[in-house]
Every structure is written in C-alpha cells, then in structure tokens.
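test case, fold it:
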Amino acid sequence: MADSSVKIEALLGILTVKLQDDNFVKWGYQFQSVLRGYDLFDFFLGEIPCPSKFVISPDTGITKEVSAEYKEWVRKDMALLSLLIATLSDEAMKHVIGCRTSHEAWTCLQERFASISVVRVNQLKIELHTAQKGGESVDKFLMRLKNIRDQLVSVGERISDNDLMIAVLSGLPADFEMIHTVILARDTALSLKDFRAQLLVAEGSIESKMQSLSSSMAAMCVQGEGSSAQRYQGYEHGESSNT
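Take a look at the predicted model:
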C-alpha cells in the first residue's frame, strides 16, 4: 500500500485538467502520471485489494472487531475516489454516481469514454496530416502540430519526429517549396531543432522578399502618380496656350 504520509488532497492542485467529453486522452494522461508518481494508481486498477473487514483471531476465527487495515484502506480509497470526482466535469460525474470504490469509478469512466477516445485519436491523426499553416507563423504552426503529436504519443500511437516534419512540410504554403524540396531530399536524419531553425531561416527570407517587393511596388506607384501629374500639368499648360 502507498505511504500513508502522502496527503491525497494536496494532489488536487497538480491535476489541472477536468474530464470533458472530448479530452479523455489528455485528462487520463495527466491523472495517471500524477497518481503513478505517488504510487497511488494501483487503487484505481484494483491491484490493491480491500483487506478483510473483521479481525481474524487464531482462537475464535472471525471476530466482530473491524480491522485497522480495513479502516485504513477504506479511508485512502475514499480519498482517492474524492480526488477523482474533483477532476470531473458535471457531465462526466454522472457516470460515476453510485460507485463505491475508486476502482469501480475508474472502470465506469473507461467503459464510457474509451470509444470517445478512439474517435478523438482518429480526429487527431486527420488533423495532423491535413493541417495548413495559413496565417500562422512557422513557430506557431510547428508547435500546434507538435502538440497533436504529443497527444497521440501519450496514448501509445507511434509518431516519429520524421512523421511530424513531413506533416509540417505538407501544410506549408507554396512560398516554402524550395525548403520543402531541400529537406525531403536529405539523405541524413534531421533533428527537430535543426528542422525548426531551417524553417525560420526560410520564413525570414520569404518575409524579406515580400517587404522588398512591397517597397518596389510602392515606389512604382509613387513614380506613376508623379508622371501622371506631370502629364496633366502639361495638358493644362497646352490647353491654356491654345486658348
């Protein structure tokens, strides 16, 4: 059994995610990580069975005296059940009403949200492979896809760094075609850190060209307006002379 000195109620401040219909993967990952870190998750798995309720005497057999081990187990299990309930939304809480142990509540949540979890995993996979950069910066786009990858990895999906980089490259606009070709043509593996650095360089180069083009077009417009004004003034002057 876990160390009784652990104050279970203190863990509530660490569990920041509340279970909703669409975040079972994220919630479960945080909840399991925290509880395993304090050697308390075995209660939820049913791997720490409840001791005998009554003291067993070698002479008289089962007595009417409630054992200290049973009281301690119930106390800790109720504290864990309360902790679990505190991380549930109002909607999710309906599925554990009536559960008497932490293991029973955990099992109910698994049965209720497992199918939703599978659907969410499929949604994340589609999102990873169809995401587009749009108006985001390269950094924000890369971080968005990395967060999707991290959620998939947390539930056992194998998404390598190379898979992530290909997904990012696929979502970049045509302006990044050159860096897209260069990276895919490499014979050696590229780290995410170097990948990010190369994308940032490419982004800076593209922005610089766009600024230069904008300046050139602005200058042309100014020149065009000046020429038009001169022609108009010449026309007025000629008209006045003819008159």
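
can we go C-alpha only for contacts and neighbour counts from here?
OK.

tell me the buried residues in stretch 97-104?
Residues of stretch 97-104 classed as buried: 101-104 (neighbour count, 16 or more other C-alpha atoms under 10 Å).

now, those residues that are in helices?
102-104 (DSSP state H).

where does L199 fall, secondary structure wise?
Using DSSP states H and E, L199 falls within helix 192-242.

about what we covered before: okay, the buried residues of stretch 97-104 in JSON lines with distance to L84 and pLDDT next?
Formatted as JSON lines, the buried residues of stretch 97-104 follow (distance: C-alpha to C-alpha, whole Å; pLDDT from 0 to 100):
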{"residue": "T101", "distance to L84": "11", "pLDDT": "96"}
{"residue": "S102", "distance to L84": "8", "pLDDT": "96"}
{"residue": "H103", "distance to L84": "10", "pLDDT": "96"}
{"residue": "E104", "distance to L84": "11", "pLDDT": "97"}
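
any chance of the ones in helices among the buried residues of stretch 97-104 in JSON lines with distance to H180 as columns?
As requested, these are exported to JSON lines (distance: C-alpha to C-alpha, whole Å):
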{"residue": "S102", "distance to H180": "51"}
{"residue": "H103", "distance to H180": "50"}
{"residue": "E104", "distance to H180": "51"}
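
which one of the buried residues of stretch 97-104 is nearest R112?
Using C-alpha to C-alpha, E104 comes nearest to R112 of these, at 12.4 Å.

neighbouring contacts of the host helix or strand of Y70?
According to DSSP H and E, Y70 maps onto helix 68-86. Contact partners of helix 68-86, identified using C-alpha atoms under 8 Å, 6 or more residues apart in numbering, comprise 8-9, 11-12, 43, 50-54, 93, 101-102, 105.

can I get that helix in CSV, CA atoms only?
The C-alpha coordinates for helix 68-86 follow below in CSV (Å, rounded to 0.1, in the frame of the first residue of the first chain):
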residue,chain,number,x,y,z
ALA,A,68,-7.2,-1.4,11.4
GLU,A,69,-6.0,-2.4,7.9
TYR,A,70,-9.6,-2.3,6.6
LYS,A,71,-10.3,1.1,8.0
GLU,A,72,-7.0,2.5,6.6
TRP,A,73,-7.8,1.0,3.1
VAL,A,74,-11.3,2.5,3.1
ARG,A,75,-10.0,5.8,4.2
LYS,A,76,-7.4,6.0,1.5
ASP,A,77,-9.7,4.6,-1.2
MET,A,78,-12.4,7.2,-0.4
ALA,A,79,-9.9,9.9,-0.5
LEU,A,80,-8.8,8.7,-4.0
LEU,A,81,-12.4,8.5,-5.1
SER,A,82,-13.0,12.0,-4.0
LEU,A,83,-9.8,13.2,-5.8
LEU,A,84,-11.1,11.5,-9.0
ILE,A,85,-14.5,13.1,-8.7
ALA,A,86,-13.0,16.5,-8.2
